[in-house]
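Below is the structure, and that's it, no one-letter string:
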């Protein structure tokens, strides 16, 4: 097969490509796998300033181009890889890119961000975004090399693990620095929460986008680029590089994340009683210490690693001990992974969790959904709804680490009960019935991440209102706002807000943070260094300085917050067109019931207050108070009147 | 009488007063004229960051403290003088302060800003704002001197002109540098568009606030202060002072205003056919050249003057020639004054207009309303609705400058027909009847300024939607937005907008500019150096730098736009409580009819489109689409839920 479909013919074009002005190439590639056709499109500056990239640009294309109500696994679905205007700028946290598609998990707006090295490399290779359309007849991969794009045969890669894919492609193309985003067995098998992974450990985790990739028979995308971003103000960027690399160690939260990784959260949340345990029955795991970031550091951690140009190096490199030996190349578990495959399933062995993490990465499974699915199955088993007859003989007791490891494999391979669980908790519980639905913790079909909204209500709003279903990366987790801080004030949050409140002051805080976080995903940046926090690292106005120094714009927080809002509204319009209503903006019943054990025992969300908060949210967002549909006026205010026509034409 | 009511007793307090940290004193003085009681209140930092001062702070106190539906002339009305956090910072345009009260012209939210020297001096004297309550039994004036406040007898000043008052008070208190804001005969006589003047020529013009001052028998406020603003970043401010004083001459629009004053607008607007002429019957005055800024410069201009610390010096100092000799101390006419008392009345003598300007200043009359009232009377006369029997024998033909000058005196003194006209066009036309209503150009009772909305529809929206009635200082005059400019982009306006459109893109532009301009009045700054413009002088991000350098905050355009929006919403709530409805958001019928002559002949506003635009405005603002009442959610989003309770309790 090996077709050279597109390349820059003219030398001048090639040269110009190597200078990426303002942080973006102004070029996207459209790859039609059905017809093996590739075209390059030039994008107007206006579009970059309106949407910035990432989530914003992806949402724009998805709503504009997708036919309504298609099957996510049909050739008509599109898979969009989009960098943001800051992706690849060598400052802390500027390595992210987004994948956007119709999600097979939610049947709505699907998105996932990943750090690592793929996003920057894609931009350096000459493209800000890829739009992948259609479906190949046989397995293929893409080879994107300094402006040239090939569709290559991947028959030999089909069925392989993420690591095998990476090694074989690098060998085949004879370049060890090629960056590869690929799927594993889970994506091939259309597991509805399959993910996409680059460098074996940086993951576009949520929304099942790996399965969309699998449905298109696209095994991997390999990129190599020598482009260089030409900053409008080089001096300023270099000054900032110096400042950040020198100063990040002065911020205790950042340092803690550098030393212990995101797993620093395990002990902290357990202490206050909101570490999700036993499928969210309780908020306290008495063995938490054994699976904490601190324990990981003392036992299996062998080194740390960072995303492109990030000095913080929060990524863990671990080596599990026998019988759960692990391959350091797959990295170590994040907080979410440890809580999902650990406390949520009452598993207390950091080695087994590290291996589970490795298996998920090798097979290309989202660890959050995977853990949530297993905990669901365990609770069904605890209640006799599933028995050994259903589980292929597995003793699915909470705490059974061997069963957990086996289930991961069965899910990826869709073997036995794994085939059912590969559908996610919503679909599995519908099929199982017998009251199992109440153990299926999801919003819009997407499994709930490892933050208990009963202990921080803002997260509950985020779960219910995120366009892509239960998502913990939609807004600040509120306890940070319980302390007054200068860092919040540019956002207009002048006074502390109680983490358990659901009043208008909470909804307001949630919305402002929500717009701000939405912006992050449009820019292509990591939340950790940038989130407003009482001891926050990179301040809001510093981010604006970075954008201006890269692009030469004179932007403002007003303009930027509107970009974040724009992306949220487009995603909302997309969901409405797909048939979602305000009834889908909800939480699993469990969160309206009391936490059963631990220091936060008895905490629950007041249902009436929660629904009232959602109504206030709609109204504050300029959406219809009852239906949650954005008004035409709101969309016009955001200069996206076309989105209204897209849903009501 | 001469009572010393309040003074700083302790030396330490006195010392601390002389260092005004962050741009504000944190002190307001409440002066109860009925009981001759003065109290000083400490204001929390939070209030300054929420409202900034000026319009914002005034609106806050007015809605919080005023009883609903009182008579504006009753002792229950309050008159608030409020500086903004930037008032008195020695950079271009930072000299403004606001006066806020219930307006006797509109019976709603009344406000007016003035530059000059009074605002900075009030702040230097230790107070950010004064709240004047009750009503004195006899004429008084206030003497505010470095933290001390006296209520002093003003029997000897009652009936005197503005200049006489200034001279006598300075003599009496033996200090030539005392700054005085006072009323003239018009304020004493409760002319509903009487103004307040400082330094004989800097005017809080609109809304009849001088009449409120008169109703309280408060003739003047004299201030002297030696306080000094201590900037959080002194170095930055000094760097900016240098930059601005060196660079303002590079901006042609600023230079034009320096050379020709605001009157530069006469020829420019006449050329395109939207110079208000003959009571807005037409948009072209064939004698415009004779009353233009250019002609003024060549004939009667003797020098220029500027507000506190402003290098632009747009204020004219003129000496009219016999028989219309004028006193240079009263300054020369602005654009609005020339158009109101010139083209609107078809008067072509710049000397007569200069004298009319001087008379308005001496009597304390708003020149815009005065001109509009006289043009109204002239059109009634032209149509036989008023005859010499009604006009005390005056021949009120358009173009009769002698009649115009005589009428000004009669209005101020409420003599003959002047008594009727002192009520403003809305009340006068109601009394006259006979179809005169259609010549009464006002919104909410306030006479229309000298910008024809048929040639720039955004101004029409501003007139209809300003909380204080027809006001041309509520948003950019749109033709500036017909050209793409980097300066608009931080506001989120990426593409040019047609000045004649009324579509959603225009409403959006209007709102964003409206919030931004509202902010100006909260900060205490002049619009001219700061308005976004294709050749704009001080950029949006420079303003933010100024605020941060003064206050030590790290503010953002997001936070600031929300302050502007907050002030608009509070003023809206105030009006709703006073009985205003969406029906009051309208334009005079004349603007829905064609311009009768000149290059823009035939231009008119499409009524249906206009009402649709207002509906879109309500919805974009988060107000009820039909009633125009802010939703509770919108007010909560602005952190002013209390304002909702204020209207619906």
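Nice, thanks for sending it over. These numbers come from a predicted model, not from an experiment.

CA atoms for contacts and neighbours, from now on please.
Will do.

just checking, residue A:251 touches residue A:538?
No: in this structure, residue A:251 is not within contact of residue A:538 by Cα atoms under 8 Å, at 9.7 Å.

who's more crowded, these two?
Neighbour count, other Cα atoms under 10 Å in any protein chain shown: between residue A:251 and residue A:538, residue A:538 has more, with 20 against 14.

Skipping adjacent residues, who's closest to that one in space?
residue A:530 (5.2 Å; Cα to Cα, 6 or more residues apart in numbering or on different chains).

My guess is residue A:23 contacts residue A:228. True?
No: at 9.2 Å, residue A:23 does not count as touching residue A:228 under the criterion of Cα under 8 Å.

Could you check which of these two has the larger neighbour count?
Of the pair residue A:23 and residue A:228, residue A:23 is the one with more neighbours under other Cα under 10 Å, namely 25 against 18.

Residue of the stretch 251-400 of chain A closest to chain B, please.
The nearest approach of the stretch 251-400 of chain A to chain B comes at residue A:251, 18.6 Å away (Cα to the nearest Cα).

How about the residues of the stretch 201-350 of chain A by chain B?
Within the stretch 201-350 of chain A, no position is near chain B by Cα under 8 Å from any Cα of the partner chain.

for the stretch 501-649 of chain A, same thing?
So the stretch 501-649 of chain A meets chain B at A:504-505, A:508, A:541, A:553-559, A:561-562, A:616-617, A:619-620, A:622, A:631, A:633-634, A:636-637, A:639 (Cα under 8 Å from any Cα).

how about a cut-off of 6 Å?
Proximity of the stretch 501-649 of chain A to chain B, by Cα under 6 Å from any Cα of the partner chain, involves residues A:508, A:555-559, A:616, A:619-620, A:633-634, A:637.

out of those, which are inside helices?
If you go by DSSP state H, these have A:508, A:557-559, A:616, A:619-620, A:633-634, A:637 in helices.

And these, which is closest to chain B?
Nearest to chain B among these, with distances taken as Cα to the nearest Cα, is residue A:558, at 4.1 Å.

Secondary structure element for the closest residue to residue A:231 other than its chain neighbours, which one?
Leaving aside its chain neighbours, residue A:231 sits nearest to residue A:550 (4.5 Å; criterion: Cα to Cα, 6+ apart). Take DSSP states H and E as the rule and residue A:550 turns out to sit in helix A:540-551.

Return the mean pLDDT over that helix, rounded to an integer.
The average pLDDT for helix A:540-551 rounds to 96.

Would you enumerate the residues in contact with the closest residue to chain B within the stretch 201-350 of chain A?
Closest approach between the stretch 201-350 of chain A and chain B, counting by Cα to the nearest Cα: residue A:232, at 15.0 Å. Shown in contact with residue A:232 (Cα atoms under 6 Å, 6 or more residues apart in numbering or on different chains): A:549-552.

Who wins on neighbours among the residues you listed?
residue A:550 (24 neighbours).

you'd agree that residue is up against residue A:20?
No: with contacts counted by Cα atoms under 6 Å, residue A:550 stays clear of residue A:20, the gap being 10.3 Å.

centroid residue for chain A?
residue A:112 (3.4 Å; Cα atoms, centre = their mean).

and it, that's in a strand?
Yes: checked against DSSP: H, G, I helix; E, B strand; the rest coil, residue A:112 lies within a strand.

For residue A:115, see how far away the nearest residue to it once chain neighbours are set aside is.
Spatial nearest neighbour of residue A:112, chain neighbours left out: residue A:204 (4.8 Å); criterion: Cα to Cα, 6+ apart. Between residue A:204 and residue A:115 the computed distance is 8 Å (Cα to Cα, to the nearest Å).

One more: residue A:497?
Distance, residue A:497 to residue A:115, by Cα to Cα: 31 Å.

which one of those two has more residues nearby?
Applying other Cα under 10 Å to residue A:497 and residue A:115 shows that residue A:115 carries more neighbours, namely 27 against 21.

For the more buried one, which non-adjacent residue is spatially closest?
That would be residue A:96: by Cα to Cα, 6+ apart, it lies 4.2 Å from residue A:115.

dump the residue contacts of that neighbour.
A:87, A:114-115, A:119, A:524-525.

What of residue A:285?
Taking Cα under 6 Å, 6+ apart, one finds residue A:277 in contact with residue A:285.

and it, how far is that from residue A:279?
Between residue A:285 and residue A:279 the computed distance is 11 Å (Cα to Cα).

what do you get for residue A:55?
Counting by Cα to Cα, the separation of residue A:55 from residue A:279 is 30 Å.

quick one, helices of the stretch 351-500 of chain A?
Under the criterion DSSP state H, counting those that start in this stretch, helices of the stretch 351-500 of chain A are mapped to A:367-382, A:401-413, A:417-421, A:424-432, A:457-465.

can you put those helices in TSV and add distance to residue B:606 and mean neighbour count?
Formatted as TSV, these follow (distance: least, Cα to Cα, whole Å; neighbours: other Cα atoms under 10 Å in any protein chain shown):
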stretch	distance to residue B:606	mean neighbour count
helix A:367-382	57	27
helix A:401-413	64	22
helix A:417-421	62	20
helix A:424-432	54	21
helix A:457-465	40	27
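
Same list, these, but as a markdown table with mean pLDDT and distance to chain B please.
Formatted as a markdown table, the helices of the stretch 351-500 of chain A follow (pLDDT from 0 to 100; distance: least, Cα to the nearest Cα, whole Å):
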| stretch | mean pLDDT | distance to chain B |
| --- | --- | --- |
| helix A:367-382 | 98 | 33 |
| helix A:401-413 | 98 | 45 |
| helix A:417-421 | 98 | 42 |
| helix A:424-432 | 98 | 33 |
| helix A:457-465 | 97 | 15 |
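
who wins for proximity to residue B:151 among these?
helix A:457-465 (53.3 Å; Cα to Cα).

Mind listing residues that contact the closest one?
By Cα under 6 Å, 6+ apart, helix A:457-465 touches A:453, A:470-471, A:474, A:477-478, A:500, A:585-587.

okay if I get the residues you listed as a markdown table plus neighbour count and distance to residue A:612?
As requested, the contacts of helix A:457-465 are exported to a markdown table (neighbours: other Cα atoms under 10 Å in any protein chain shown; distance: Cα to Cα, whole Å):
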| residue | neighbour count | distance to residue A:612 |
| --- | --- | --- |
| A:453 | 26 | 16 |
| A:470 | 30 | 19 |
| A:471 | 27 | 21 |
| A:474 | 27 | 20 |
| A:477 | 23 | 20 |
| A:478 | 24 | 19 |
| A:500 | 19 | 15 |
| A:585 | 21 | 12 |
| A:586 | 21 | 12 |
| A:587 | 26 | 13 |
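
with the residues you listed in mind, which one is nearest to chain B?
Each of these was checked against chain B using Cα to the nearest Cα; the closest is residue A:478, at 17.1 Å.

what's the distance between the closest residue to that closest one other than its chain neighbours and residue A:443?
Excluding the flanking residues, the one nearest residue A:478 by Cα to Cα, 6+ apart is residue A:499, at 5.2 Å. Per Cα to Cα, residue A:499 is found 21 Å from residue A:443.

Please consider this matter closed, and thank you.
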